[in-house]
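K.L.:
Just to be clear, the model below is a prediction. Sequence and coordinates:
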Amino acid sequence: MRPYSKSQVILHWVVALLVAAQILFHDSIKEAWHAFRKGQVVAFDPLVAAHVFGGIAILLLVLWRIAIRTRQGTVAPVAGTSPRMAQLTHLGHLALYAALALAALSGLATWFGGVAIAAEVHEWMEPAILILVGGHTAAALYHQFWLKDGLLRRMSLGG
Ligand code: HEM
Ligand code: HEM
C-alpha cells in the first residue's frame, strides 16, 4: 500500500499554515477592499500583498496536490475503515480542495475583477473552510487519541 509521499506531507502542512494565515490576517485586505469600494485611495500595505500572494500560492499548491493525487492514485484508507466511512473521508478531502480553490478564485475575481458577488462568495468561504477544517481536524484527533490507530503518522515525514 502506498503511503503519502514526502511532497504530499510537506504540501499538506504548508497549505494548512498558509490557510491559517489567510484567515487570521484578513483585516488589512478587508479594509483596503472597502476603502476601494468607497473610492478612497488605497495605500500599499504588505499584509494586503501577503493575502493576495498567499491566496495565489494556495491555489497553485492545491492544483499541484490534485495533480499528484491524480497521477499517483489516492492513498488507501486506514485499516479497518468501513466502505461508507472511506467514501465520506474521500468526499471530505475533495470538499476541502474545492473550498480552497473556490476561496482563491472568488478572492481573485473580487480583487482584480471587482465582481461584487464574488466578494459575497469569498466571505462565505470563511465559515465553510472553518467547518470543513474543524471536522477534518476533529476526525484526525479522534483517530489518533481515541482509536489510537496512528493516523497522524500517515501525514508526518517520519511516517
Ligand atoms: C487548513 C488546514 C487543513 C487542510 C486544508 C487539510 C486538508 C487535507 C486534505 C485535502 C487531505 C487529503 C490528502 C489527499 O489524499 O490528497 C488531508 C489529509 C490528512 N490531514 Fe489534513 N488538512 C488540514 C489540517 C490538518 C490538521 C490540523 C491535521 C491534524 C490534526 C490534519 C491531519 C491530516 C491527516 C492525518 C491526513 C491523512 C488522512 C488519511 O490518511 O486518511 N490535517 N488533509
Ligand atoms: C484560499 C485562499 C484564501 C483564503 C482562505 C482567504 C480568506 C479570506 C478571509 C477569511 C477574508 C475575510 C472575509 C470577511 O470576513 O469579510 C478575506 C477577505 C478578502 N480576501 Fe481573501 N482569502 C484567500 C484568497 C484570496 C485571494 C487570492 C485574493 C485576491 C487576489 C483575496 C482577496 C480578498 C479580498 C478583496 C477580501 C475582502 C473582501 C470583503 O471584505 O468583502 N483573497 N479573505
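P.N.:
Received it, and whenever you're ready, just let me know what you need. Source: prediction; values computed, not measured. Ligands and ions are numbered 1, 2, ... in the order given.
K.L.:
ok, and the residue positioned nearest the centre of the chain, which helix or strand is that part of?
P.N.:
The residue lying closest to the centre of the chain (C-alpha atoms, centre = their mean) is residue 100, at 4.3 Å. Element membership for residue 100, per DSSP states H and E: helix 83-113.
K.L.:
so after that helix, what's the next helix or strand?
P.N.:
Next in sequence after helix 83-113, counting helices and strands by DSSP H and E, comes helix 116-141.
K.L.:
and residue 33, how many neighbours?
P.N.:
20 (other C-beta atoms under 10 Å). Every C-beta, even on glycine, is put in place using the N, C-alpha and C of the backbone.
K.L.:
can you tell me which residues contact it?
P.N.:
110, 111, 119 (C-beta atoms under 8 Å, 6 or more residues apart in numbering).
K.L.:
And residue 7, by the same measure?
P.N.:
Counting by C-beta under 8 Å, 6+ apart, residue 7 touches residue 68.
K.L.:
Enumerate the positions of the helix or strand encompassing it that are buried.
P.N.:
Per DSSP H and E, residue 7 falls inside helix 6-24. Across helix 6-24, burial judged by 16 or more other C-beta atoms under 10 Å covers 8, 9, 11, 15, 18, 19, 22.
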